[in-house]
Structures are given as structure tokens and as C-alpha cells.
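Novice: model the structure of this input:
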Amino acid sequence: MHEQHLAAIAGELQVSPARVRAAAELLAAGGTVPFIARYRKEATDSLDEVQIAAVRDRLEQLGELDRRREAILASLAERGLLDAALETAVRGAATLARLEDIYLPHRPKRRTRATIARERGLEPLADLLWIQDPGCDPGRAAAAFVDPERGVATADEALQGARDILAERVSEHADARAALRRLFREQGVLSSRVARGKEEAGAKFRDWFAWEEPALRAPSHRILAIRRGEQEGCLVMHVLPPEEAALRILEQLFVHGASPAAREVAAATADGYRRLLSLSLETELRLELKTRADAEAIAVFAANLRELLLAPPLGRRRVLALDPGFRTGCKLVCLDRQGELTHHETVHPHTGAGQAAAAARRVAELVERHEIEAIAVGNGTAGRETEAWLAGLGLPAALPVVMVNESGASIYSAGELARREFPDQDVTVRGSVSIGRRLQDPLAELVKLDPKSIGVGQYQHDVDQPALKRGLDDVVTSCVNAVGVDVNSASAALLTYVAGLGPTLAANVVAHRAAHGPFPSRRALRDVPRLGPRAFEQAAGFLRVPGGDDPLDASAVHPERYALVARMARDCGCAVADLLRDEARRAPIDPARYVTADVGLPTLRDILAELARPGRDPRARYVPFRFADGVNALEDLAVGMRLPGIVTNVTDFGAFIDIGVHQDGLAHVSQLADRFVRHPGEVVKVQQHVMARVIEVDLARRRISLSLKPDPATPQGSASSSSQRA
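Specialist: Residues are numbered from 1 along each chain as shown. Here you go, the predicted model:
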């Protein structure tokens, strides 16, 4: 372990180096983030998943810095440029930017104006001017370097070449770059203007045709939007500080006095800034802004995805699911309590009275025959109309009809995973099955999709894609392991995200289950090919075996602690199963009695909490939701209406809300509460049930503006009382 790296990470996370070291050692030994956070709390002093992931990511970044450092040292040594002072500077560089600044003067270069001037023998003249001797006459000094054979025809040309050398020297000076980098960060201004002739083609970027704001305060969504406009050729973007401030810093560093030689150095300094330094540092700051914007956008996406994945499940109910359509009909499927397809057909409720009547009879018959306990309706085209039609069929009042967000269902249904699950069914059947399963268990179904297709991010296609994938994979992994997975019913897609498994072992688990039947215990997982001790250690606590050989197999207690729980049961004079069933049996247990060198109070408290609710799903209880009757399209809306809605996406600038009209409305951040809101995530979450007031409807642009503030005429706070989390 690199002690400096551990200390740096500890400072960033504001935790002790010992905790960072422990996490780093566990990660290096193959530990996964969920496993370390849940089952190794004593080692890390209860670092959470976010902190452990940060240790992992920063160690990788610092490792890349070290690899670059060694490559630079090797390059310098190979070219005979490495001396003790340069090596010390390189090894002492704490950031990649500082490292590259130190290396820049020694980096192999393409031919520049400065290198051409050196080839013409003008470096001694540059050195002479650099001294800025008050007695130096630049014109007279330059005359001595006139040499037509070497391409220097006049003294002015000699002075220009010397200034080119000095300009490059200034632009490569490590301290100057560091000082200006601070200026760019602190006083840089993000500006954009419309590209010539793009006023009409770039109309969607009109808000940024003449935009200017401090780069330091520019929000993620605006940075990404302006960059997209630039990439599409509609906008011209710059990020620069006031030029006079930059030149003042450089002159303080390099210009001494007001002599003729000093004026030459000042001219060279200004040229070095405008032609070289400003471009280099602007590129660097643009990249820094992009990295920051990416991180913020990924964090928003990750938070939204977490809420979506942890949405309350309906549970194991028999479901009739419909993928609605007008002309082509509604593809209908019936699913059993395990989500297996038991029936499919197409009904036509929207193509005439005769077919609608036949469809009504058929749905009623299927509800009775398959003992349907809930109906799921996709929220796409004809969704609200199909919901209204079902409501008029006279089905049992206790049978819920639920609108299900079908974002990404078509992508899943046409994908390889769906083809493997349902090789004999077409995409419409697969899509309907996905809609029904999303109602039964959103997490189990949504893990089959690329998170980018779910539609809960902002500018997700503009951010760094590897970073986005890693961030979203971390969220999916965290959610799957927080909920736990029934090893005897889970798909390979769901098992893939269990700590320690991955695609190959997940497929092996499913194949072994198919060949040998359900797993009778966690211990039986050891029989799965290639699932060795390390993978078992990482995965076992997150896998559930309801009704298994050991009652703890259905809980989050790790098998490595079964003996400890058995000891607790013996001390209480009962069996382990009694501890799980009877609170009175658990009451006398004093966790302090069971503390050992490797089992501390954090783990013991987790065990006791799990004994109190073994295998309990941590997700919230399912709450039915229904859109307002008779409001199915934009044309049905009127300003002032207050309607029930579901938050579908949270961005930096507001929340998108589905109010049942096939077009989400936007509640701008300023309309989310009757107080200042720094970020919408403080007030609303994806899947939250809200009451929204319509404040504007733009039929031409198909835009809806909403507000979650109390009605102007109602007492403060009355609006929020009708909101609830799903």
C-alpha cells in the first residue's frame, strides 16, 4: 500500500487512514463493496458502500498517476534529461496536472515557432532579453543575429524569433501554469454564442445563443447542454478568465521593470498567453468542467435509478398484463405468482363495439380462470384509454388496475436475454411479460435492462460512458444486495449482480438449479461449478433459501456466523428457529457477551436486527396509485387543475411528472416548494406520488408546466399533505 495515497484518500473522505487501509486491503484481497460494507464492519470501522467505492475509485486514479509518473521518468532517463532535481520534482507531483506541467518543457515536441527560432540560432538572444538588463538595446543586440543563410534577414525577424522562444518558455513554466490554472478555475467565465448561420437550425439551443456565467457556478445540465450545442455546430463555447488578470499574473512573474528589454519580455509574455497558454488551460478547464458535470449528472442518474429499483413491489401475485395499442390491439399475457407465462393472446378493445365487447368477455374469463390478483397496463400509446376501458368492465372491486412505466420494455423484448427467456414468443409477448413482471418485482425485472434505456437520467448519452456504466452498475449491485435474492427463483440477470458472482457464476447457478432442482441450503451452493470459497464467502449472505435446511438460510445472517447464532440459542435454552419466531426468546441476549477479536458490536447488532425480521424485504410497502379519471390527453388539461401524478425523473433543474396524459410535465425547481430548493432531490424522488397543479399548457410544443407549491388560495402546507412516497 502506498502510504501517501492512503493518507490522501483519508483526508478527502475525512476518516482515519487506518479505516482506508483496511478497506484497501479487503478490496485488494478480492472483497466486493457490498460484502465489505455489510460483513466487515469491524475492519473498516463501519465505512459505508459510498465510502468504500470512493476508496476503490481513488486508488485506481492514484495508481494511474503513478503509472504516468514512472513512464515520464523512464522517458526522461532514456533521453538523458533526468537529473536529481527533476526526479525529485516528478516524484513529488501530487496531481496529474502538476506532473504534466513539470514534464512539459522536456516533452518531445513537434516543430513550433520556438523550435524554428532555436534552429536559427536565436536562443542566446532570447536569453539576453530574458535577463532584462536596463542597459540592453534589443535592436542593437538583435542585429548581431542577422543571418540570411539561416533565415534571419533583419533585426526585427531576430527579435520576433527570440520572442517566440520566450513565449514558449513562459507557456511551459510550471509555476506560471499553476498560478493561471487557479485563475481559470476561480474567475473563468463560461460563455456561448450562436454559430454563424445557425440561428434556425440551432433553435433548440436558443437559451444559450448569448450566454455568460461564472464557470465555477455553472450547473451540470447547462455545461452538458452547451457542449452538445457546440458538438452539433450550433454554438461556440469558451471558458476564459479576464485577460487583463491573466496578463497581470504573468507580468508579475516574468517582467521586471520598464526597460526596452523588459518591454520585449512583456510582449513575449502576452503572446505566450494568447497563443499558447490560454488555449492549453482553456482546454484543461473545459475537460475539468466536463468531468465535474459528468460526475454530477451520473450522481443524479444514480439517485434516480436507486429509487426506481427500490420501488415497492406488488409481490407474488398472479398478474394479467397488457401492452396497449389502438389499431393492432392489446397484447395480453397471464403470469403466475413466480412471473412465469401461462397464457397470451391479443384483444381489440379499441377497434369497434363488437370487438370491444368480445375483448371484455375474454378479459373477464381470463381473470376468473387464472385467478388474477392484479392487472398491469403499460403507460404507452392507448394506456390511459385501456385503463378506462378496464375500469368499465365490472371486474371485482378488489382487483387493482395499475399503470406501469414501460420505458425500455421494447428494448428488453428485442434483446438477447428476452430471446433466451422466451425463444418461441415474439417481441410483443416478451414486452407484455416485462410489464407484468415490473409490477410484481421492479428490481428483478429492471436489472435486465441497460439502465440508460430506463429514462431516469439527464444528458446520459453526453457523459463519460465508462464512468456512467460503473456508477450505475454500483447502484444496481447495491440495490440487489440490499434486498437479497432468492437463489431458487432468481434469473441469471439478477444473480449476476450478487456480490462475488458475475455473469459466469450466475449462469452456473441457474444451470445447476435446472439440472438438480432447488437448492436445499446455502451450503449446497458449494456444489455449483467454479463457485469456490472466495465467491461463496462474498455471495452467501446476500442469497436467500426460503424453507432451507437451516432457518438462517432465509436471512441476511452470513453462514460464517451461524455458529455464533447457535451459541446464542443455546444460551437462551432454545433452538435457532425459536429465536427467529419469538421476540421474548431474543430479549435476554446481551450482544456485549459475544464480542470477540473478529466480531464486534456492529456485526452483533446487525445479527440481532436480522433475527427480528429474517429476510424481510427492505423496500417500502406497495401503495396503489390511480390517475385522475377523464384526463387522458393534453387537450383535457386546464390551468389550475390539481392532479395526482408520479415523479418519473429528477434532474438538476426540476422534476418530470406523469399525470396520465402521455406527456410528462415539468415542475421546475422553483415550483417544487414554497421555499428555496437547492436541488430537486431534496424535495422529490423518482416514483413519488404527488399532487401537481397545472400552471401552463403549450399544445404547439406539447409542454406542460406543473407546480407542487400550495395553491395560492390555500393555507401553506395543505398541498404537501396529499403527497406520498410509493
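Novice: at the geometric centre of this protein, which residue sits there?
Specialist: Closest residue to the average C-alpha location of the chain: residue 298 at 2.9 Å, with C-alpha atoms, centre = their mean.
Novice: could you measure from that residue over to residue 307?
Specialist: Distance from residue 298 to residue 307, counting by C-beta to C-beta, to the nearest Å: 15 Å. To be clear about C-beta, it is placed using only N, CA and C from the backbone, and glycine gets the same treatment.
Novice: ok, residue 661 next?
Specialist: 23 Å.
Novice: what's the spacing between the nearest residue in space to residue 527 that is not next to it in sequence and residue 679?
Specialist: In space, and not counting its chain neighbours, residue 527 is closest to residue 512: 6.8 Å by C-beta to C-beta, 6 or more residues apart in numbering. Plainly put, residue 512 is 46 Å away from residue 679 if you go by C-beta to C-beta.
Novice: and residue 112, by the same measure?
Specialist: Distance, residue 112 to residue 679, by C-beta to C-beta: 46 Å.
Novice: cool, and residue 659?
Specialist: Residue 659 sits at a distance of 23 Å from residue 679 (criterion: C-beta to C-beta).
Novice: do the same with residue 349
Specialist: Residue 349 is 43 Å from residue 679, by C-beta to C-beta.
Novice: what's the answer for residue 398, then?
Specialist: From residue 398 across to residue 679, the span is 40 Å (C-beta to C-beta).
Novice: neighbour-wise, which of the two wins?
Specialist: Taking other C-beta atoms under 10 Å, residue 398 and residue 679 do not tie; residue 679 has more neighbours (16 against 7).
Novice: ok, now which ones touch the more buried one?
Specialist: Listed by C-beta atoms under 8 Å, 6 or more residues apart in numbering, the contact set of residue 679 reads 652, 669.
Novice: repeat that for 6 Å
Specialist: Not one residue lies near residue 679 by C-beta atoms under 6 Å, 6 or more residues apart in numbering.
Novice: how far does the worst-scoring helix or strand of the chain on mean pLDDT sit from its chain's centre?
Specialist: Taking mean pLDDT, DSSP states H and E as the measure, the chain has helix 409-413 as its least confident helix or strand, at a mean of 85. Put simply, helix 409-413 sits 22 Å off its chain's centre (C-alpha atoms, centre = their mean, to the nearest Å).
Novice: now the element after that helix, going C-ward?
Specialist: Scanning forward in sequence from helix 409-413 by DSSP states H and E, the next helix or strand is helix 416-421.
Novice: how about whichever helix or strand comes after that following helix as PDB, C-alpha atoms only?
Specialist: Next in sequence after helix 416-421, counting helices and strands by DSSP H and E, comes helix 427-440. Extracted C-alpha coordinates of helix 427-440, given in PDB (Å, rounded to 0.1, in the frame of the first residue of the first chain):
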ATOM      1  CA  VAL A 427     -41.400  -9.300 -29.100                       C
ATOM      2  CA  THR A 428     -44.900  -8.200 -28.200                       C
ATOM      3  CA  VAL A 429     -45.400 -11.100 -25.800                       C
ATOM      4  CA  ARG A 430     -42.000 -10.500 -24.300                       C
ATOM      5  CA  GLY A 431     -42.800  -6.900 -23.800                       C
ATOM      6  CA  SER A 432     -46.100  -7.600 -22.100                       C
ATOM      7  CA  VAL A 433     -44.400 -10.100 -19.800                       C
ATOM      8  CA  SER A 434     -41.900  -7.500 -18.800                       C
ATOM      9  CA  ILE A 435     -44.700  -5.000 -18.000                       C
ATOM     10  CA  GLY A 436     -46.300  -7.600 -15.700                       C
ATOM     11  CA  ARG A 437     -43.100  -8.600 -14.000                       C
ATOM     12  CA  ARG A 438     -42.300  -4.900 -13.300                       C
ATOM     13  CA  LEU A 439     -45.400  -4.800 -11.200                       C
ATOM     14  CA  GLN A 440     -44.600  -8.000  -9.400                       C
END
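Novice: so which elements touch the helix or strand following helix 427-440?
Specialist: Proceeding N to C from helix 427-440, the next assigned helix or strand is helix 442-446, under DSSP H and E. In terms of contacts (3 or more C-beta pairs under 6 Å, 6 or more residues apart in numbering; DSSP states H and E), helix 442-446 is packed against helix 427-440.
Novice: need the contact partners of the helix it packs on.
Specialist: Residues from elsewhere that reach helix 427-440, judged by C-beta under 6 Å, 6+ apart: 314, 319, 321, 323, 331, 333, 335, 339, 341, 344, 376, 378, 402, 404, 406, 409-410, 412-414, 418, 422, 445.
Novice: hmm, try it at 7 Å
Specialist: With C-beta atoms under 7 Å, 6 or more residues apart in numbering as the test, helix 427-440 has contacts from 313-317, 319, 321-323, 331-333, 335, 339, 341, 344, 374, 376, 378, 402, 404, 406, 409-410, 412-414, 418, 422, 444-446.
Novice: write the ChimeraX selection for whichever of those residues are buried.
Specialist: Command for ChimeraX, covering only those of the contacts of helix 427-440 found buried under the criterion 16 or more other C-beta atoms under 10 Å:
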select :313,314,317,319,321,322,323,331,332,333,335,339,341,344,374,376,378,402,404,406,409,410,412,413,418,422,444,445,446
